[in-house]
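Colleague: 3D, please:
(one chain, ligands or ions: 2)
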Amino acid sequence: MEYPNFVLHGDICYSQTKHSLATAENSFLVCAAGKSAGVFSHLPPEYKLFPCIDYTGKLIIPGLVDLHMHAPQFAFRSLGMDLELLDWLETRAFPEEAKYQDRSYALRAYTTLVEDLQQGPNTRICLFGTVHVPATLLLMDLLENSGLVCMVGKVNMDRNSPDTLREQDAASAAASTQEWLEQCTPYQHCKPILTPRFIPSCTDELMRRLSAIQQHYGLPLQSHLSENLREIAWVKELCPESSCYGDAYTRFDLFGGGVPTIMAHCVYSGDEEIALMQSRGVYVAHCPQSNMNLSSGIAPARRYLEAGLAMGLGSDVAGGVHTSIFRAMSDAIGVSKLRQCRGAGDEAPLTLEEVFYLGTQGGGSFFGQVGSFEAGYEFDALVMEDPHPVPPFPLTLRERLERVLWCSDERAILKKYVRGIPLPRSIGTDPFPPAL
Ligand code: GUN
Ligand code: FE
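Modeller: Ligands and ions are numbered 1, 2, ... in the order given. The predicted model follows:
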């Protein structure tokens with residue numbers, strides 16, 4: 001595919017470090033062959049022949065990154081929010097996921113999800129599917145056509161789940177994961193990611209087989225870690241020989257090291273687990289809305305930032321209700337304040353700069369050079385209107401970004417680019433027409 005060359009003119013914001021923001025009013029953002037060539041106050045002569053799209057007065061920011069969501073849970077989001085994790089899985093999530101055995105149900109439900117994602121601000125997403133190979137491939141087809149860049153996992157689970165959803169045994173779970181992987185090869189934008197659901201739903205035998213598959217295919221991995229106190233106690237019972245929850249994955253070589261790995265939640269990771277994540281480069285997907293809705297607790301995001309852990313944000317739909325990572329950004333600020341006033345007095349609340357970093361460059365780095373406009377980054381961009389009604393006083397560019405983060409919805413998104421390609425906002429439109 002040919003990636004285009006062009007220039008956007010407008011008011012540009014992007015993260016410079018995890019604590020600081022670059023703001024450039026009335027400036028030029030250059031896309032050369034699908035990558036940022038940088039932000040300039042005056043357009044350098046070598047780009048004068050590129051077409052320039054005039055977004056004067058509009059905000060231009062990197063596309064947002066969701067490091068953790070469950071595609072089959074989109075349909076029932078907002079239902080069952082009176083439950084905690086294990087009861088919620090049993091009564092809400094597992095029965096709903098069992099329905100994806102029916103391909104026509106999956107088509108209806110996943111179509112509504114992908115339409116929502118096309119309307120929203122996220123440009124890169126890591127998703128769990130279900131245990132079903134046909135439904136997971138169908139989800140990947142829909143996402144591939146949307147132009148969003150995604151990693152999707154067929155879920156593995158061979159214990160502690162209902163007969164309607166549990167895979168028969170480790171051998172058949174691994175065989176169907178392999179069957180799925182063999183059919184993933186045609187995708188350009190949608191790549192597979194190995195997905196053991198979490199320790200309680202995977203036998204040791206399945207974990208051993210997944211480790212062999214991981215090595216054979218060189219796959220990244222996503223799972224859950226230290227989300228809820230009952231869950232953690234259960235993992236202790238299931239894996240008495242493990243020194244912490246993270247160690248239960250490490251024993252199978254499925255916890256970072258050479259394996260690019262995302263662990264969702266990490267609400268209760270202690271010193272040993274934090275050190276393990278840090279030394280093995282494991283990403284934390286911080287999912288503040290889910291932490292609230294499932295009464296899990298509040299992940300110590302400030303500690304993780306200070307420890308230098310790799311970290312991004314996740315919607316965790318349907319633990320979270322909203323797919324937009326703007327919502328995860330504002331919730332991350334909110335819960336960090338609650339954490340501070342609930343006793344973690346030494347943990348300063350997260351700032352606008354920090355949550356913006358987490359939702360763009362922090363999570364984006366899992367996909368490579370993604371989530372910033374510094375030269376060389378893949379060109380994922382959102383062009384945004386200031387959310388209405390605009391206040392009757394002047395605003396700095398940082399304040400305008402702050403309003404976008406707290407007040408905007410999909411109506412404020414004028415344009416969305418991924419790798420320099422403008423994306424359609426509804427399903428069925430080819431994002432890659434022959435002549436761009
Ligand atoms: N742990 C295992 N499965 C799930 C899930 O579907 N959602 C959440 N939030 N945590 C999990
Ligand atoms: Fe989750």
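
Colleague: Would you tell me which residues of the stretch 301-436 of the chain are close to ligand 2?
Modeller: Selection of the stretch 301-436 of the chain residues close to ligand 2 by C-beta under 5 Å from the ion yields D316. All C-beta atoms are positioned from the backbone trio N, CA, C, and that covers glycine.

Colleague: can you map out the helices along the stretch 301-436 of the chain?
Modeller: Assigned by DSSP state H, counting those that start in this stretch, the helices in the stretch 301-436 of the chain fall at 301-306, 325-341, 352-357, 363-364, 397-407.

Colleague: in stretch 171-184, what's buried?
Modeller: Residues 173-174, 176-178, 180-181, 184 are the ones in stretch 171-184 that count as buried (16 or more other C-beta atoms under 10 Å).

Colleague: Ramachandran angles for the residue of the chain most remote from its centre?
Modeller: What lies farthest from the middle of the chain is P45; by C-alpha atoms, centre = their mean that is 37.4 Å. P45 adopts backbone torsions of phi -60, psi -30, taken as degrees, to the nearest 10.

Colleague: still on that earlier bit, from the buried residues of stretch 171-184, which has minimum pLDDT?
Modeller: Within the buried residues of stretch 171-184, pLDDT reaches its minimum at C184, with 95.

Colleague: State the distance from that one to ligand 1.
Modeller: 22 Å (C-beta to the nearest ligand atom, to the nearest Å).

Colleague: SS state for that residue?
Modeller: coil (DSSP: H, G, I helix; E, B strand; the rest coil).

Colleague: per-residue confidence for the residue lying closest to it once chain neighbours are set aside?
Modeller: The shortest distance from C184 to any non-neighbouring residue, by C-beta to C-beta, 6 or more residues apart in numbering, is to P192 (4.5 Å). Here, the pLDDT recorded for P192 equals 98.

Colleague: Contact partners for P192?
Modeller: 151-154, 180-181, 184, 217, 219 (C-beta atoms under 8 Å, 6 or more residues apart in numbering).

Colleague: Make a markdown table from the helices of the stretch 301-436 of the chain and add mean neighbour count, distance to ligand 1 and mean pLDDT to it.
Modeller: Shown next, in a markdown table, are the helices of the stretch 301-436 of the chain (neighbours: other C-beta atoms under 10 Å; distance: least, C-beta to the nearest ligand atom, whole Å; pLDDT from 0 to 100):
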| stretch | mean neighbour count | distance to ligand 1 | mean pLDDT |
| --- | --- | --- | --- |
| helix 301-306 | 19 | 17 | 98 |
| helix 325-341 | 21 | 14 | 97 |
| helix 352-357 | 24 | 20 | 98 |
| helix 363-364 | 30 | 17 | 98 |
| helix 397-407 | 17 | 23 | 98 |
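
Colleague: and L225, which of those helices is closest to it?
Modeller: helix 301-306 (12.1 Å; C-beta to C-beta).

Colleague: what's in contact with the closest one?
Modeller: Residues outside helix 301-306 that contact it (C-beta under 8 Å, 6+ apart): 18, 266, 274, 284, 286, 288, 311, 332, 336, 339, 344, 347-350, 354, 358.

Colleague: now do stretch 323-332
Modeller: In contact with stretch 323-332 (C-beta under 8 Å, 6+ apart) are residues 64-66, 69, 74, 116-117, 120-122, 286-289, 292, 301, 313-315, 317, 320, 322, 350, 355-356, 358-359, 363, 404-406, 408-410.

Colleague: pLDDT at M1, what is it?
Modeller: For M1, the model assigns a pLDDT of 68.

Colleague: Among the contacts of P192, find me the one that's closest to ligand 1.
Modeller: When these are compared for distance to ligand 1 (C-beta to the nearest ligand atom), G153 wins out at 11.9 Å.

Colleague: Look up phi and psi at that closest one.
Modeller: On the backbone of G153 - angles per degrees, to the nearest 10 - the values are phi -120, psi 130.

Colleague: In contact with the residue lying closest to it once chain neighbours are set aside: list those residues for me.
Modeller: Leaving aside its sequence neighbours, G153 sits nearest to T195 (C-beta to C-beta, 6+ apart; 2.8 Å). By C-beta under 8 Å, 6+ apart, the contact list for T195 reads 128-129, 153-156, 221-223.

Colleague: Report the distance from stretch 57-70 to the chain centre.
Modeller: Its chain's C-alpha centre and that of stretch 57-70 lie 10 Å apart, by C-alpha atoms, centre = their mean, to the nearest Å.

Colleague: pull the CA atoms of that stretch into CSV?
Modeller: In CSV, the C-alpha atoms belonging to stretch 57-70 read as follows (Å, rounded to 0.1, in the frame of the first residue of the first chain):
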residue,chain,number,x,y,z
GLY,A,57,-8.6,26.9,14.7
LYS,A,58,-9.0,23.1,15.2
LEU,A,59,-7.1,20.9,17.6
ILE,A,60,-4.8,18.2,16.2
ILE,A,61,-3.7,15.5,18.6
PRO,A,62,-2.4,11.9,18.3
GLY,A,63,-5.0,9.1,18.0
LEU,A,64,-5.8,7.4,21.3
VAL,A,65,-4.8,3.9,22.3
ASP,A,66,-7.0,1.4,24.2
LEU,A,67,-4.7,-1.3,25.6
HIS,A,68,-7.5,-3.5,27.0
MET,A,69,-11.1,-4.2,26.0
HIS,A,70,-13.4,-7.2,25.6
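
Colleague: ok, it near ligand 2 or not?
Modeller: No. Counting by C-beta under 5 Å from the ion, ligand 2 has no neighbours in stretch 57-70; the shortest distance is 5.6 Å.

Colleague: can you tell if that stretch touches ligand 1?
Modeller: Yes. Applying C-beta under 6 Å from any ligand atom, one finds stretch 57-70 in contact with ligand 1 at H70.

Colleague: secondary structure class for G80?
Modeller: Under three-state DSSP, G80 comes out as coil.

Colleague: show me where the stretch 151-300 of the chain has helices.
Modeller: Under the criterion DSSP H, counting those that start in this stretch, helices of the stretch 151-300 of the chain are mapped to 170-182, 204-217, 229-238, 245-250, 271-280, 288-293.

Colleague: out of the ones you listed, nearest to V39?
Modeller: helix 288-293 (29.6 Å).

Colleague: For that closest one, which helices and strands make contact with it?
Modeller: In terms of contacts (3 or more C-beta pairs under 8 Å, 6 or more residues apart in numbering; DSSP states H and E), helix 288-293 is packed against helix 325-341.

Colleague: Contact partners for T164?
Modeller: By C-beta under 8 Å, 6+ apart, the contact set of T164 is 94-95, 98, 101.

Colleague: how about those residues in a markdown table, adding neighbour count?
Modeller: Below are those laid out as a markdown table (neighbours: other C-beta atoms under 10 Å):
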| residue | neighbour count |
| --- | --- |
| F94 | 18 |
| P95 | 14 |
| A98 | 19 |
| Q101 | 15 |
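
Colleague: I am finished for the moment; much appreciated.
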